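In: Here is my input, please return the structure:
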Amino acid sequence: MSPETSISIGGKRLDPVRGGLLLLVVGLAIAGFGAYDYLGQSDAISDAVAVDATVTGTDIETVSQRRGGPEYRPTVTFEYTHGGEAYTASGLYPVTLAPSYDTRSEARTALEGYEPGETVTAYVDPDAPNEAFLERERSNAPLELSAIGGVIAFVACVSVLKGRRRA
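Out: Next up is the predicted model:
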């Protein structure tokens, strides 16, 4: 980190070592969350039991703005019963970081087969019956987040090493 790209907190400029250490913590936290979410979806998929569910609604949410335009995330709301209790959920995938799509039509394609009123198969983890999902497949979104965190941590390590050489 050169002085032009140094990190400032509260108007105080951090030196490359401290700034790098801060970025290292942030990068490791991001990578760790992505890994945790990926492992969580693996557990949810392996432990899940199939139940009948009724689709109550679908939607396509605009989730962010970026240079190339917004991203779109399809959602399906459905009701199901497990262990004699009624639940409502809206997860297509068993992850916190659901995948998003570059175009509305791609998101709409992900909703094919989920029309309101239809009976579909949902998957429920018996240990967390309120967290059901419809697609019994892994999403790479958590791995992508882990990779971003890894890159941030790597850049931070380079900054720390360069800063220590100068000191």
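
In: So residue 126 is in contact with residue 47, correct?
Out: Yes: here residue 126 reaches residue 47: they are 6.8 Å apart, a contact under C-beta atoms under 8 Å. (Glycine included, C-beta is placed from N, CA and C.)

In: Would you mind telling me which of these two has more residues around it?
Out: Shown here are residue 126 and residue 47; by other C-beta atoms under 10 Å, residue 47 has more neighbours (14 against 10).

In: show me the contacts for that one.
Out: 125, 126, 127 (C-beta atoms under 8 Å, 6 or more residues apart in numbering).

In: From residue 125, how far off is it?
Out: 5 Å (C-beta to C-beta, to the nearest Å).

In: Same question for residue 115.
Out: In terms of C-beta to C-beta, residue 115 sits 26 Å off from residue 125.

In: So the two - more neighbours on which side?
Out: The residue with more neighbours, out of residue 115 and residue 125, is residue 125; 20 against 12, by other C-beta under 10 Å.

In: so how far is residue 160 from the more buried one?
Out: From residue 125 over to residue 160 (counting by C-beta to C-beta), the distance is 40 Å.

In: Of all the residues in stretch 151-161, which ones are buried?
Out: 152, 153, 156, 159, 160 (16 or more other C-beta atoms under 10 Å).

In: what do you get for stretch 97-116?
Out: In terms of neighbour count (16+ other C-beta under 10 Å), stretch 97-116 has its buried residues at 97, 98, 99, 100, 101, 107, 110, 111, 114.

In: Just the CA coordinates for that stretch, please, in PDB.
Out: Below are the C-alpha coordinates for stretch 97-116, written out as PDB (Å, rounded to 0.1, in the frame of the first residue of the first chain):
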ATOM      1  CA  LEU A  97     -25.600 -16.500  -0.300                       C
ATOM      2  CA  ALA A  98     -28.000 -17.600  -3.000                       C
ATOM      3  CA  PRO A  99     -26.800 -17.200  -6.600                       C
ATOM      4  CA  SER A 100     -27.900 -14.200  -8.600                       C
ATOM      5  CA  TYR A 101     -28.200 -13.700 -12.400                       C
ATOM      6  CA  ASP A 102     -27.000 -11.000 -14.800                       C
ATOM      7  CA  THR A 103     -30.400 -10.800 -16.600                       C
ATOM      8  CA  ARG A 104     -34.000 -10.900 -15.500                       C
ATOM      9  CA  SER A 105     -34.600 -13.600 -18.100                       C
ATOM     10  CA  GLU A 106     -31.900 -15.900 -16.600                       C
ATOM     11  CA  ALA A 107     -33.600 -15.500 -13.200                       C
ATOM     12  CA  ARG A 108     -37.000 -16.200 -14.700                       C
ATOM     13  CA  THR A 109     -35.500 -19.400 -16.200                       C
ATOM     14  CA  ALA A 110     -34.500 -20.500 -12.700                       C
ATOM     15  CA  LEU A 111     -38.200 -20.200 -11.600                       C
ATOM     16  CA  GLU A 112     -39.500 -22.600 -14.300                       C
ATOM     17  CA  GLY A 113     -41.500 -25.300 -12.800                       C
ATOM     18  CA  TYR A 114     -42.500 -23.200  -9.700                       C
ATOM     19  CA  GLU A 115     -45.900 -21.800 -10.400                       C
ATOM     20  CA  PRO A 116     -48.200 -20.600  -7.600                       C
END
